[in-house]
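>>> A predicted structure for the sequence below; I have some questions about it.
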Protein chains: 4
Amino acid sequence: MDFTPSPRTEQYLDAVRRFMTQHIDPVEPRFWAEVRAANPDGDWRKWTIHPLVEELKARARSEGLWNLFLPDSELGAGLSTLEYAPVAEQMGRSFLAPEVFNCAAPDTGNMEVLWRYGSAEQRERWLAPLLAGEIRSVFCMTEPDTASSDATNLRATAVVDGDEIVLNGTKWWSSGIGDPRARVAIFMARTPDEAADRHHLHSMVLVPLDAPGVEIRRMLPVFGSYDAPHGHGEVSFTDVRLPLSAVVGAPGMGFEIAQGRLGPGRIHHCMRCIGAAERALELMVDRGMSRTAFGKPLMSLGGNRERLADARIAIDQARLLTLYAAWKLDAVGAMAAMTEISAIKVAAPNVLQRVVDDAMQIHGGAGMSDDTPLAGFFAQARSLRLADGPDEVHKGVIARIELAKRGFGGRRS
Amino acid sequence: MDFTPSPRTEQYLDAVRRFMTQHIDPVEPRFWAEVRAANPDGDWRKWTIHPLVEELKARARSEGLWNLFLPDSELGAGLSTLEYAPVAEQMGRSFLAPEVFNCAAPDTGNMEVLWRYGSAEQRERWLAPLLAGEIRSVFCMTEPDTASSDATNLRATAVVDGDEIVLNGTKWWSSGIGDPRARVAIFMARTPDEAADRHHLHSMVLVPLDAPGVEIRRMLPVFGSYDAPHGHGEVSFTDVRLPLSAVVGAPGMGFEIAQGRLGPGRIHHCMRCIGAAERALELMVDRGMSRTAFGKPLMSLGGNRERLADARIAIDQARLLTLYAAWKLDAVGAMAAMTEISAIKVAAPNVLQRVVDDAMQIHGGAGMSDDTPLAGFFAQARSLRLADGPDEVHKGVIARIELAKRGFGGRRS
Amino acid sequence: MDFTPSPRTEQYLDAVRRFMTQHIDPVEPRFWAEVRAANPDGDWRKWTIHPLVEELKARARSEGLWNLFLPDSELGAGLSTLEYAPVAEQMGRSFLAPEVFNCAAPDTGNMEVLWRYGSAEQRERWLAPLLAGEIRSVFCMTEPDTASSDATNLRATAVVDGDEIVLNGTKWWSSGIGDPRARVAIFMARTPDEAADRHHLHSMVLVPLDAPGVEIRRMLPVFGSYDAPHGHGEVSFTDVRLPLSAVVGAPGMGFEIAQGRLGPGRIHHCMRCIGAAERALELMVDRGMSRTAFGKPLMSLGGNRERLADARIAIDQARLLTLYAAWKLDAVGAMAAMTEISAIKVAAPNVLQRVVDDAMQIHGGAGMSDDTPLAGFFAQARSLRLADGPDEVHKGVIARIELAKRGFGGRRS
Amino acid sequence: MDFTPSPRTEQYLDAVRRFMTQHIDPVEPRFWAEVRAANPDGDWRKWTIHPLVEELKARARSEGLWNLFLPDSELGAGLSTLEYAPVAEQMGRSFLAPEVFNCAAPDTGNMEVLWRYGSAEQRERWLAPLLAGEIRSVFCMTEPDTASSDATNLRATAVVDGDEIVLNGTKWWSSGIGDPRARVAIFMARTPDEAADRHHLHSMVLVPLDAPGVEIRRMLPVFGSYDAPHGHGEVSFTDVRLPLSAVVGAPGMGFEIAQGRLGPGRIHHCMRCIGAAERALELMVDRGMSRTAFGKPLMSLGGNRERLADARIAIDQARLLTLYAAWKLDAVGAMAAMTEISAIKVAAPNVLQRVVDDAMQIHGGAGMSDDTPLAGFFAQARSLRLADGPDEVHKGVIARIELAKRGFGGRRS
């Protein structure tokens, strides 16, 4: 339970911080303004990638700041979850940084699935270009017509038909599916099997986005923003027919893979939230000390200093809990660290939402505009309280485990 | 202190409700989708008004559901603030309704200023077409470079030069300035006067938006949404030279007019928040009972029912406090009702924000998209916690009055 | 829905306020110190009544400030619930006042039960001396061995045996049972009846406290305080045999009577909370302006002024909601006002608890001692969140009604 | 930053846990009932020590579970602050345990002061019997007539007069001063010195409680409880004349010593809070699963499971932050760990207060009585939010440091 950054963490953290200071911070405001200008919401089919992205990726890759999330020492940096966590926090200060270092969701989770469960063929076809940053990918889990936080509710199907598998269903909130570089989706669906228990009824299938029957219907805005050029899409799969070799692992293994996928991904999300919260706190301080009203800096009015202190206390606690969850995940695996992973999944986005709300209040109207990253951080926090399981579901998990500890096992409600 | 709706209130409430049920509810989802499609964010200069708006306005006007906010019995409906409040609540359930009934901000506040303080010429030139719903208007108060909640911070100037007045300064968050029908702005600025105390140093000036020197620089998004086709703009005034007759009241009266303007406007804002909160609560219930997870309707999971009850308690309290503030405003004027007006200005938007946040959580991703009005309600609540004075400033006002009640007067902090 | 105090309310309010200022405020600190000194916790059987109580009662009675809670114009003041509410608020500023005006719980509720449902004999034997302030009474509902908020859980029995009724069971939190003047308890218990539905299975029985089989076992402290000389007792009833004429109304009517009893009682409790909260706010201001730290009055440090404003907003909202509930109770009865009564039962004690917590924080250690009424107010608020149904049960009621409004009736969870 | 319990921590933790399970848990409920019965509030001068205390102390000492808090390897266990922290958490589950292991406040802080700063004579006279558990001690800092959280406000004086020092002033909230074994107080007062800066104007003096001029005036209840047989007293010092050798360190060193004293003491307080919160959570679960209402265990009603999860998340975060503060205190000293120490001082008692409040709500009336330790835990949490600096002062410290980090140093408000 040693949270001291390892020497390798220190080294990467330093390099990433320096890279961001030199190459990202100076251009980011201009970058996003240009991205917004070039990608009007009206027509996501015309979205384009700003050339700076690929330039920065090339530079980061050449400096060895690439795929740092992947525990594999050859393909990635070989960092443990705990070791990578502070690096993720640092990247979370920017919306551009994660992609530049090829550490952006949902690619990271998808690469990890392929790395752990992919066949040689799958790894060559999809993992290789993803690791190279040549293509992007999507994870298709949530469905529009059902409460998807209960996996048994999923209606999409992946039916084995001889040596093929046939996919049907509609997904939404498929993040990144509007990106012109997106090539493949991991599709999660029910595979009927009378012999299987409820944890072996799902499959994950790798679907090329140009496969016949795949249709992107629309992008969904989050608080009015389409997150161009990535987007969150609604996509239908109609009789999409693929060889069985497109299945990750084997039919029926979807649930197990999903559980494994979510552990490190949640750590990354939460650490990025903490980085974002730190940046929001800095913006709050700087703005609050540079503007004056009623004869004082805003920061010294009313309860603002108490809110600043509350933010510091909350951020430090959320960081420590996330590091603890990372350490436990590394030590005993995602199943045994379920309480901690669910706990940070609740804690970190809520801390970010509150800190950003306070920072906005100090910024006045500017805080809601695109002149600061605050509105973006807010949407990130708010979305994350739903994505990968809403707060309430995670609290239910924690409560169930807590009851079991006292001998009251097996009761859901 | 009788909050029973008057017979006239009942009658208007009924008629407005029926109108909304028949003519607005059925078309509103389609309406906003078409508005968004027709008005891409990229170029606000091309924004257009959906023809349905003018059709609905004509119908509402022909049915006598027009200018209900105005206490004048000839020009408006002659309702007191308290009488109009429940009608405003009803309109607040929809983003389209207020404009349809010619009861939308900032026109309502601007019309009230013209009605109370405008010269005959001003009333003919600006109030008449506003009351007729032919043009729209803007209120230019907030500035980008200063904490505008402290009016003494304003940097914009309105300098008397013979029989002219010369305007300079930059404003932002000038709501509605992107609307192609916007014709006039009320511009609030400092008028240097060595003889005047600090409450007589501001002027309000009526500025035609096509006057030389007025330049709209950009629209500002709120959480990524540009609120097309109305917009919140940044606008500069450079040596704008107008006849003195463009001044509302007289130079130096700006502060006094502003104070009077804000009372009823805040009541309207808060009642619309309450209407929005009621609608969010209905959406929460309907969604929560129509979706099932883990064997139960979402509404019956975890703390959802308690949150529903908390919402009901909070909404009812906020409504009663707003009605009380309206009653007091009518009875003793805005100055004597300052605690109550500041109190609702804090309470109502915060209740809306919390109820919407909970409703979103029940909706999953849909709650953040444009498929429901929730994201719009959220932006409304969040903005309103800053507009017309941030929460913290209003709390400061309340505290000062509370201290004065116990004999500790005159201390700001 | 007119909350303007009626002329009679104004008159009583004035008189009560004057009485308290002249006769209670000056002696109350000394009074409680003497009560505490004279009534050590160790032996409640030796508790005595301070002579000042009876003196003040005599004076109040002679001034016509007596039984103001009772809607009966001959026996009481004939005030409606709404009319009495502001008077109850005023009394709630003091722990002594309610008894002085013969308006203290649980006597008020018990008197109302006897007034509404009592036989002539019961009224003569018990109501008359209660109205005269000669004896005190107890309400025995809660049981130690079961979650009593669900009335169907009650284990105590009241079994009809010929023309007698036989009582068995253990009750606790029987408030006031340690008072040397306590003479009678209303005992709520199950009366087995195979033909009855679950709302007709309880009886209320008037039990003389000296009846054979009644044994007070101990007093229960609330946060360490025994509330001498009244106390909250645990009391057992063992084969207590009484004539059938001791039953209020008739066997099986207990549930109905309980529901009716609770409406006005909850209004009184909540209004007293609001009076207590107002007093706590005054104490907070006075202390906060009379002490200085770091060069400023405490009130001007950190978030204290915002907390003061929050308190004002919360108190005003809770008062309005309670007045609304009182008005609705008068207008349409307790059943139809169930949402509002449950809502204030949640809102008012929680507001008091929060305001007192903040006031304590400004007082430092003094706030937790007996040097101020704050610790007493705190215990009052905390207890009331449990008494007469815990917050959670009331929220459940509100949620159920809210769901039914949208057509989702009949579901408990 | 390794929070893994050291082997020695594990060993002591195990032994302490076993001792508590065997010797404390079985007797504690009876113990406190007997203490309360034997020590009525009315007359603290007759308070006595229950014989069990000394028996248990003897046993603990013989088992080597003694003075574990003291970093000195000969006099104590030689544990670092971080190593001792989990042991303190374990002891915090009981109100009796800390004294049994001679690890109770304020003795621990006082012993640490003597160990660090005491002269040989002072250590022999006072430290030795304290370490032996033969006497108890008091810390006299807070004053009734001033906001003592600002040390410059202190009015008590310690004036050097030749080779004597003369003490005057009134202190209150002097915890433990009612204990019949209390023999010595550390008295903090101003020592006038024109040459000294404001950090060298205070002295700490060791005052035998039987010195002429020391008068204990009364005990102060906390929420009605006198904490017998220890008590929190108000005590006056009138021309108390002592040899200069009674001064700890030297005149003028009081502030510096106080700062050093508070670091480890706050860690201990916070870890005990966390132990108490864990125990409250267990009580909540056990009660909530053993009682049924409306057909379900209480734990499964309304938001109770979410509150349980919230409690788990909050406790785990508070523990990690406290361990982090302990680690930092050990690594870089109290000054450099000021943010973290202030942060836990805010976080831990507030977490305890909230968890206990929720646990009470599940317990009904029992939760406020003496039948469970909850009311005691509540008073502990509530007091601790004031003791050693109120929340608001600690938040002020954190905010100041946070501002300084961004280059805005030296501003207090």
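Great, that's in hand.
>>> Count residues in the vicinity of the residue in the stretch 51-200 of chain A positioned nearest to chain C, would you?
Proximity of the stretch 51-200 of chain A to chain C (Cβ to the nearest Cβ) peaks at A:Ala147, 16.5 Å away. No exception for glycine: its C-beta is placed from N, CA and C like everyone else's. As a burial measure, A:Ala147 scores 22 neighbours (other Cβ atoms under 10 Å in any protein chain shown).
>>> Ramachandran coordinates for it?
phi -80, psi 100 (degrees, to the nearest 10).
>>> Surely it touches B:Gly365?
No - counting by Cβ atoms under 8 Å, A:Ala147 stays clear of B:Gly365, with 11.2 Å between them.
>>> List the contacts of the residue of the stretch 51-200 of chain A closest to chain C.
For A:Ala147, the contact set (Cβ atoms under 8 Å, 6 or more residues apart in numbering or on different chains) comprises A:Asn153, B:Arg291, B:Thr292, B:Ala293, B:Leu298, B:Gly364.
>>> Now A:Ser149: closest residue in space, sequence neighbours ignored.
A:Val393 (4.7 Å; Cβ to Cβ, 6 or more residues apart in numbering or on different chains).
>>> Over to A:His268?
Leaving aside its chain neighbours, A:His268 sits nearest to A:Ala88 (4.8 Å; criterion: Cβ to Cβ, 6+ apart).
>>> quick one: the one you found from D:Ile177, how far?
A:Ala88 sits 52 Å away from D:Ile177, going by Cβ to Cβ, to the nearest Å.
>>> So between those two, which is more surrounded?
More crowded of A:Ala88 and D:Ile177, by other Cβ under 10 Å: A:Ala88, with 30 against 27.
>>> Which one of the residues in chain A is closest to chain C?
Residue of chain A nearest chain C, by Cβ to the nearest Cβ: A:Gly303 (2.9 Å).
>>> Let's see the pLDDT reported for that residue.
For A:Gly303, the pLDDT comes out at 96.
>>> all strands of chain A, in order?
All strands of chain A, identified by DSSP state E, fall at A:136-140, A:157-161, A:164-175, A:182-190, A:202-208, A:214-219, A:232-243, A:292-293, A:296-297.
>>> And the ones you listed: which comes nearest D:Met253?
strand A:296-297 (35.9 Å; Cβ to Cβ).
>>> what pairs with that closest one, and is each one parallel or antiparallel?
Neighbouring strands of strand A:296-297 in its sheet, by DSSP bridges, are strand A:292-293 (antiparallel).
>>> hmm, who's touching stretch A:281-300?
Around stretch A:281-300, the neighbours that count as contacts under Cβ under 8 Å, 6+ apart are A:301, A:304-305, A:308, A:311-312, A:315, A:355, A:358-359, A:362-363, A:366, A:372-374, B:146-147, B:149-150, B:153, B:393, B:396, B:412-413, D:402-403, D:406, D:408, D:411, D:413.
>>> Restricting to C-alpha, output it in PDB.
Output in PDB follows, covering the C-alpha atoms of stretch A:281-300 (Å, rounded to 0.1, in the frame of the first residue of the first chain):
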ATOM      1  CA  LEU A 281      -9.200  24.700  -8.600                       C
ATOM      2  CA  GLU A 282      -6.300  26.600 -10.100                       C
ATOM      3  CA  LEU A 283      -8.600  28.500 -12.400                       C
ATOM      4  CA  MET A 284     -10.900  29.300  -9.500                       C
ATOM      5  CA  VAL A 285      -8.000  30.700  -7.500                       C
ATOM      6  CA  ASP A 286      -6.500  32.700 -10.400                       C
ATOM      7  CA  ARG A 287      -9.800  34.200 -11.400                       C
ATOM      8  CA  GLY A 288     -10.800  34.800  -7.800                       C
ATOM      9  CA  MET A 289      -7.700  36.700  -7.000                       C
ATOM     10  CA  SER A 290      -7.600  38.700 -10.300                       C
ATOM     11  CA  ARG A 291     -11.100  40.100 -10.100                       C
ATOM     12  CA  THR A 292     -12.300  42.500  -7.400                       C
ATOM     13  CA  ALA A 293     -15.800  43.300  -6.200                       C
ATOM     14  CA  PHE A 294     -17.000  45.300  -3.200                       C
ATOM     15  CA  GLY A 295     -13.400  46.200  -2.500                       C
ATOM     16  CA  LYS A 296     -11.900  42.700  -2.200                       C
ATOM     17  CA  PRO A 297     -10.700  40.000  -4.500                       C
ATOM     18  CA  LEU A 298     -13.600  37.700  -5.200                       C
ATOM     19  CA  MET A 299     -11.800  34.900  -3.400                       C
ATOM     20  CA  SER A 300     -12.100  36.700  -0.200                       C
END
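>>> Now do the buried residues in that stretch.
Judged by neighbour count using 16 or more other Cβ atoms under 10 Å in any protein chain shown, the buried positions of stretch A:281-300 are A:281, A:283-285, A:287-289, A:291-294, A:296-300.
>>> Show me the two of those that sit farthest apart.
Pairwise distances across these peak at 23.3 Å for A:Leu281 and A:Phe294 (criterion: Cβ to Cβ).
>>> give the contact list for A:Glu164.
Here A:Glu164 is in contact with A:Arg241, A:Leu242, A:Pro243, A:Leu244 (criterion: Cβ under 8 Å, 6+ apart).
>>> Quick check: bridge partners of the third one?
Note on A:Pro243: beta-bridge partners A:Glu164, judged by DSSP bridges.
>>> Brilliant, that's me finished.
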